[in-house]
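[1] What follows is a predicted structure for the sequence shown.
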Amino acid sequence: MLAGDIYEGQYQYGYKHGQGKITYHKRNIVYIGEWNKNTYNGEGKMWWYPTYEALEKEDDTHAQTYTGQWIGNKHNGEGAYYWPDKKQTFRGSLSLLKNTWHADAFRFIAPPILKLSF
């Protein structure tokens, strides 16, 4: 965590573990969901806010989101991405290990920006 980042949630043996929320103020990102030894693991939602002001107001109007399953800080499994600028939601099975997104009638190759590592 960087200076200014805030974690609110459960700990176990000194690790973020269980349910929690982290706000990355310098990156305008919020994650709420399950944790396992300091990593996003299980069900969770992440918001990428376009500005610090939107983050402070928790104004989701223009925030990109991912809601779904996580393994080791990576989106992996069933989930949904929402891009507000295009007003599009992609639902399906995501595998960042293979860099692919499978949905009903199409296959979306994820751009490198979707590879997150914290």
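    Yep, it's here. Predicted, not measured: the structure shown is a model, and the values here were computed from it. Residues are numbered from 1 along each chain as shown.
[2] Leaving aside the residues adjacent along the chain, what's closest to Q88?
    In space, and not counting its chain neighbours, Q88 is closest to Y82: 7.3 Å by C-beta to C-beta, 6 or more residues apart in numbering. All C-beta spots, glycine's among them, are computed from the backbone N, C-alpha and C.
[3] And for G18?
    The spatial neighbour of G18 that comes closest, neighbours along the chain excluded (C-beta to C-beta, 6+ apart), is Q10 at 3.2 Å.
[4] Doesn't the one you found lie inside a strand?
    Yes. Inclusion of Q10 in a strand is indicated when DSSP: H, G, I helix; E, B strand; the rest coil is applied.
[5] and the gap between the residue nearest to Q88 and W48?
    When distances are taken as C-beta to C-beta, to the nearest Å, Y82 and W48 turn out to be 10 Å apart.
[6] if we can go back for a sec, can you give me every residue that contacts the residue nearest to Q88?
    For Y82, the set of contacting residues under the criterion of C-beta atoms under 8 Å, 6 or more residues apart in numbering consists of Q64, T65, Y66, T67, Q88, T89.
[7] 7 Å instead, please
    Contacts were defined as C-beta atoms under 7 Å, 6 or more residues apart in numbering; by that measure Y82 touches Q64, T65, T89.
[8] I'd assumed M46 was in contact with the first one.
    No. Counting by C-beta atoms under 7 Å, Q64 stays clear of M46, with 8.7 Å between them.
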